[in-house]
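Chemist: model the structure of this input:
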Amino acid sequence: MSDMEDGFDGASYLSPQSPGSTSPTRKQNKETTITINCVTFPLPMSMPEQQLLKPDEWSYCDYFWTDKKDPQGNGCITGFEVLLQKQLKGKQMQKEMAEFVRERIKIEEEYAKNLSKLSQIPLANKEICLSEVEKPLLTFRDNFKKDMKRFDHHIADLRKQLVVRYAAVEKARKALADRQKDLELKTQQLEIKLSNKIEEDIKKARRKSTQAGDELMRCVDLYNQSQSKWFEEMVTTSLELERLEVERVEMIRQHLCQYTTLRHETDMFNQSTMEPVDQLLQSVDPAKDRELWVREHKTGEVRPVDIEI
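Modeler: Prediction:
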């Protein structure tokens, strides 16, 4: 399925309209849509090409609509789970960074103790380093963990509701087919033999068929509402993940810059060892990093559409 580009604004930004691996639970509907793991997508050539919600930004909200095969099992993982896994790796990086700072503090504290003339340098003061570098990292990591858990549960609950709604649609569709088949059978019987009883049976069958059709329409409407809600929350939450990721990267960069500044101030004889680190910190670009990662891990950019009867 092809890439899509265009801007977004207001309601059009949240209008359900991305690709994935074929799943066993795939069902065609009038050859215009396809349902994969209870999410309905347009078939190629069945509708105008969709446009990206945030073109030229490689935004998470554009490229993770489809499930993908779980590399560690026979099942599938959702596009949102792929995003969460990336964020959790970032959280682990924060933990490792805090541990690195802690180990550096220990080394430099021991160094300062052994050299009395350097015993008053800032890096020898463990409390200062902990408060300025390590503690903010750990605090941010803990808050980030809570946010990820909340997002995970919220999107998972919406997806579960979508599964339930789709099951109801399929059940109602089967019930309607059964009622229509029964009506057709009774109509054929009437053609063979005129009978008041058969005519009455046809009226009942027609009434039940109409009721089954109404029930199918109701289930389809509830399904489309659930899918629309899931779509909106996927967009909102994906953008929030982007914002938190940029915030996390910038926070880590600033604290590492603070750390290297302390090193510059206290280690005048080894300035060259910190210069490559300084250069790397200045070249940090969250948007470019996101583009590279999305190109490699995207699951699909075709957005879901309403299911039709």
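Chemist: contacts and neighbour counts: CA atoms only from here.
Modeler: Noted.
Chemist: can you pull out the helices in the stretch 201-309 of the chain?
Modeler: 271-282, 286-297 (DSSP state H, counting those that start in this stretch).
Chemist: nearest to residue 46, out of those helices?
Modeler: Of all these, it is helix 286-297 that lies closest to residue 46, at 25.9 Å by Cα to Cα.
Chemist: please identify the buried residues of the closest one?
Modeler: Within helix 286-297, the residues that count as buried by 16 or more other Cα atoms under 10 Å are 290, 294.
Chemist: residues contacting it, please?
Modeler: With contact meaning Cα atoms under 8 Å, 6 or more residues apart in numbering, helix 286-297 is reached by 57-60, 63, 82, 245-246, 249.
Chemist: got it, and stretch 216-230?
Modeler: So stretch 216-230 is contacted by 15-16, 39, 155, 158-159, 161-162, 165-166, 168-169, 172-173, 176, 304, 306-309 (Cα under 8 Å, 6+ apart).
Chemist: hmm, back to that, using JSON lines, lay out the helices of the stretch 201-309 of the chain together with distance to residue 218 and mean pLDDT.
Modeler: Below are the helices of the stretch 201-309 of the chain laid out as JSON lines (distance: least, Cα to Cα, whole Å; pLDDT from 0 to 100):
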{"stretch": "helix 271-282", "distance to residue 218": "56", "mean pLDDT": "73"}
{"stretch": "helix 286-297", "distance to residue 218": "37", "mean pLDDT": "93"}
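Chemist: mind checking these for the one nearest to residue 190?
Modeler: Ranking these by proximity to residue 190 (Cα to Cα) places helix 286-297 first, at 60.6 Å.
Chemist: circling back: now distance to residue 44 too, for the helices of the stretch 201-309 of the chain, in CSV please.
Modeler: Output for the helices of the stretch 201-309 of the chain, formatted as CSV (distance: least, Cα to Cα, whole Å):
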stretch, distance to residue 44
helix 271-282, 44
helix 286-297, 21
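Chemist: and residue 49, which of those is closest to it?
Modeler: helix 286-297 (19.9 Å).
Chemist: can I get that closest one in CSV? Just the C-alpha atoms.
Modeler: Below are the C-alpha coordinates for helix 286-297, written out as CSV (Å, rounded to 0.1, in the frame of the first residue of the first chain):
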residue,chain,number,x,y,z
PRO,A,286,15.1,13.8,17.7
ALA,A,287,13.2,14.4,14.5
LYS,A,288,16.0,12.8,12.3
ASP,A,289,16.3,9.9,14.8
ARG,A,290,12.5,9.4,14.6
GLU,A,291,12.6,9.4,10.8
LEU,A,292,15.3,6.7,10.7
TRP,A,293,13.5,4.5,13.2
VAL,A,294,10.1,4.9,11.5
ARG,A,295,11.5,4.0,8.1
GLU,A,296,12.8,0.7,9.5
HIS,A,297,10.0,-0.2,11.9
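Chemist: isn't residue 148 right next to residue 85, touching?
Modeler: No. At 9.8 Å, residue 148 and residue 85 do not qualify as touching, with contact defined as Cα atoms under 8 Å.
Chemist: the more surrounded of the two?
Modeler: Under the neighbour definition other Cα atoms under 10 Å, residue 148 and residue 85 were set side by side, and residue 148 has more, 17 against 12.
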